[in-house]
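1. Attaching a predicted model along with its sequence, questions to come.
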Amino acid sequence: MVTNAFNLPPLLILLVGWGLGIWFGYFVRRWIENKHLKSAEDRAQQILIKAGAQAEELKKEKLLEGREVLQSEREELEQAGAGERMRIQEIEHQVLRREEFLDKREAELRARDEDFARRVERQRSDEQKLKDDHDRAVRELERISHITAQEARDLLVERMTAEARLDAARYVKKIESEAKRLAERKAQTVVTTAIQRLASNVTQEYTISVVTLPSDEMKGRIIGREGRNIREFEKLTGVDIIIDDTPETVVLSSFDPYRREVAKLALERLIADGRIHPARIEEILKKVEEEMHARLLEIGERALYELGVTDVPEEEVRMIGRLHFRTSYGQNVLEHSKEVAYLASVMAAEVGANVKMVRRIGLLHDLGKVLTQEAEGPHAVVGAEFAAKHGETGPVTNGIAAHHGECDATTIESVLIAAADAISAARPGARQENVESYIKRLESLEQIAREFPSVEKAYAIQAGREIRAILRSEHVTDAQMEEIARSMAQRIEKTIDYPGQIKVICIRESRIIEYAR
């Protein structure tokens, strides 16, 4: 049994040995850790003791250094205070000396004031004495001369004023005479130079245009069946077609050169095309009018290029082109405007004025002549308003408005334009009075007709013996046409002087358009 007790299994022995080893290792480890911990505590205690000693020593050193710094600063403050006290004492001495000086100065000024007061009092006394003597002398003079001092003063002033005015008038008259003489001499020189340097064509504008026909048979085609072609052409263009015995020729007559040119181009195209009927006439006229708008721009741009004028709005360029188809007393207005611009520029160069500005004003000065049908008033004022509306400057608009004296000229350029306009108009052969009066009568006829609200277009034809008014069909009935024609005739009788009689024709056309699809 004993033998069996000590015969334990090897696994059990191994487990027991492993457990004893763990237990022994744990106690050994605890003993080592406790030993290390105690050693660390001893070292920490030594470090704390050493640090406390060092801190105490450092504290003593800092206290010693602080006492030394405090002592040094105290000594510096004491030295600075001593210096400041000395400076304050010096300032006090200076203030005392200044006060003594001011007291002395005050005493001197007081003495001077007293002396001045005595002198003023003496002066017042002397002035009063002089005044009394003067009053006494004046009273004595008034007694002797039998007039008062004021009357004598007024008499003297009046006499001196009259003499001064007389001398001034003589001097002014002398200056004016000399200035007038010099101005006339200078003006003659300037104008003569300008005229000598100007070379213009002496041409007259007429109120007719001649169209050549390929054969006399074309006259019948122009007239049309029962005259419908010629009536439609005259109604749409406002131009008279004169067909006589002259071979292969028809004459277009109208006081408006632009209208006459449109009619001439349209008739030439109709003749070349060969198809002449009312619908074709209307179609060709529409195309020609569109081309004429482009031609106006071309003519205006050419005039601007010739004169060196730039920065002109397109609407003004078109109006300049319209001047080519406008006459004044038989003189082409565009050529007249260019002539005025050249004359004014030469005179401006002579007197030192703005050459570019006078050229611009000269070219634009008669724009109102192509606007008078759309606006009321003198053409100079109408043209100035149109130019201002399109961005022209004040000097330019003043030059346009003042060239016929409708307003005062405010610049030398405006005066030069007025002079150049008069020179151009007075040039021998430039104008014809009878043609202009005839054209003005025709313009007045058309203007009277256009004043009626229901009138769309108006044309004076047959040399002013007939006025045709195209009425707006949507605004007027057939019954109202007679009243409009009668009122128009009465207004013409009251407004215009004319020989013979004038036929008034009102035309109302009803047109209905429908499309077959």
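-> Everything's here; your move. Numbers count the residues shown, from 1 in each chain.
2. how does the chain divide up, domain by domain?
-> Segmentation of the chain into domains, based on automatic domain parsing, reads 2-127, 147-197, 199-281, 308-431, 438-517.
3. as a whole number, average confidence for the helix or strand containing Q46?
-> The secondary structure element spanning Q46 is helix 10-145 (assigned by DSSP states H and E). For helix 10-145, mean pLDDT is 83.
4. Could you list every helix and strand in contact with that helix?
-> helix 149-197 (3 or more Cβ pairs under 8 Å, 6 or more residues apart in numbering; DSSP states H and E). (Glycine included, C-beta is placed from N, CA and C.)
5. Export the helix or strand following the helix it packs on to PDB, keeping only CA atoms.
-> Next in sequence after helix 149-197, counting helices and strands by DSSP H and E, comes strand 208-212. Taking Å, rounded to 0.1, in the frame of the first residue of the first chain, the C-alpha atoms of strand 208-212 are listed here in PDB:
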ATOM      1  CA  ILE A 208     -38.000 119.600-116.600                       C
ATOM      2  CA  SER A 209     -36.200 116.400-117.600                       C
ATOM      3  CA  VAL A 210     -36.100 115.000-121.100                       C
ATOM      4  CA  VAL A 211     -36.400 111.200-121.700                       C
ATOM      5  CA  THR A 212     -35.400 109.800-125.100                       C
END
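6. Name the residues that touch whatever helix or strand comes next after strand 208-212?
-> The C-terminal neighbour of strand 208-212 among helices and strands, as given by DSSP H and E, is helix 217-223. The set of residues that contact helix 217-223 without belonging to it, under Cβ atoms under 8 Å, 6 or more residues apart in numbering, is L213, N229, I230, F233, I241, I243, V250, L267, L270, I271, G274, I276.
7. mind checking which helix or strand the fourth one is in?
-> Counting by DSSP H and E, the element that carries F233 is helix 228-237.
8. so what secondary structure elements neighbour whatever helix or strand comes next after that helix?
-> The helix or strand immediately downstream of helix 228-237 is strand 240-242, counting by DSSP H and E. Counting contacts by 3+ Cβ pairs under 8 Å, 6+ apart, strand 240-242 is packed against helix 228-237, strand 249-253.
9. one more time with 6 Å, if that's ok
-> Contact partners of strand 240-242 among helices and strands, from 3 or more Cβ pairs under 6 Å, 6 or more residues apart in numbering; DSSP states H and E: strand 249-253.
10. how far off helix 228-237 does the strand it packs on point, in degrees?
-> Comparing the axes of strand 249-253 and helix 228-237 via axes from the mean of the first three to the mean of the last three Cα atoms, to 10 degrees yields an angle of 30 degrees.
11. May I see the buried residues of strand 249-253?
-> In terms of neighbour count (16 or more other Cβ atoms under 10 Å), strand 249-253 has its buried residues at V250, L252, S253.
12. circling back to that earlier point, closest one to G300 among the domains of the chain?
-> Distances from G300 to each of these were compared by Cβ to Cβ, and the smallest falls on domain 308-431, at 3.7 Å.
13. CA atoms only for stretch 309-327, dumped as CSV, please.
-> Written as CSV, here are the backbone C-alpha positions of stretch 309-327 (Å, rounded to 0.1, in the frame of the first residue of the first chain):
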residue,chain,number,x,y,z
VAL,A,309,-16.1,116.5,-92.7
THR,A,310,-16.3,113.4,-90.5
ASP,A,311,-18.6,111.9,-87.7
VAL,A,312,-21.9,112.8,-89.4
PRO,A,313,-25.0,110.6,-88.5
GLU,A,314,-26.5,108.6,-91.3
GLU,A,315,-29.8,110.6,-91.3
GLU,A,316,-27.8,113.8,-91.8
VAL,A,317,-25.8,112.2,-94.6
ARG,A,318,-29.1,111.3,-96.3
MET,A,319,-30.4,114.9,-95.9
ILE,A,320,-27.2,116.2,-97.4
GLY,A,321,-27.9,113.9,-100.4
ARG,A,322,-31.4,115.3,-100.7
LEU,A,323,-29.9,118.8,-101.1
HIS,A,324,-28.6,117.7,-104.5
PHE,A,325,-32.2,117.4,-105.6
ARG,A,326,-33.2,120.8,-104.2
THR,A,327,-32.9,124.2,-105.8
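14. quick one: contacts of that stretch?
-> Residues outside stretch 309-327 that contact it (Cβ atoms under 6 Å, 6 or more residues apart in numbering) are 205, 257-258, 261, 296-297, 299-301, 303-304, 333-334, 337, 359-360, 363, 367, 369-370, 390.
15. The same query, at a cut-off of 8 Å, please.
-> With Cβ under 8 Å, 6+ apart, stretch 309-327 has contacts from 205, 256-258, 261, 293, 295-301, 303-304, 332-334, 337, 356, 359-360, 363-364, 366-367, 369-371, 386-387, 390-391, 435-436, 439.
16. hang on, the earlier thing: for the helix holding F233, which residues meet the burial criterion?
-> Buried positions in helix 228-237, judged by neighbour count with 16+ other Cβ under 10 Å: N229, I230, E232, F233, E234, K235, L236, T237.
17. out of the domains of the chain, deepest packed?
-> By mean neighbour count, with neighbours taken as mean count of other Cβ atoms under 10 Å, domain 308-431 ranks first of the domains of the chain at a mean of 20.
18. pLDDT of it, averaged?
-> What domain 308-431 shows for mean pLDDT is 83.
19. same deal with stretch 283-297?
-> Stretch 283-297 shows a mean pLDDT of 90 in the predicted model.
20. In CSV, list the C-alpha atoms belonging to it.
-> These are the backbone C-alpha positions of stretch 283-297, laid out as CSV (Å, rounded to 0.1, in the frame of the first residue of the first chain):
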residue,chain,number,x,y,z
GLU,A,283,-43.6,98.0,-108.8
ILE,A,284,-40.8,99.9,-110.7
LEU,A,285,-41.4,103.0,-108.7
LYS,A,286,-41.0,101.2,-105.4
LYS,A,287,-37.7,99.7,-106.6
VAL,A,288,-36.4,103.1,-107.8
GLU,A,289,-37.3,104.8,-104.6
GLU,A,290,-35.3,102.2,-102.6
GLU,A,291,-32.4,102.7,-104.9
MET,A,292,-32.7,106.5,-104.5
HIS,A,293,-32.3,106.1,-100.7
ALA,A,294,-28.9,104.4,-101.3
ARG,A,295,-28.0,107.0,-103.9
LEU,A,296,-28.7,109.8,-101.4
LEU,A,297,-26.3,108.3,-98.9
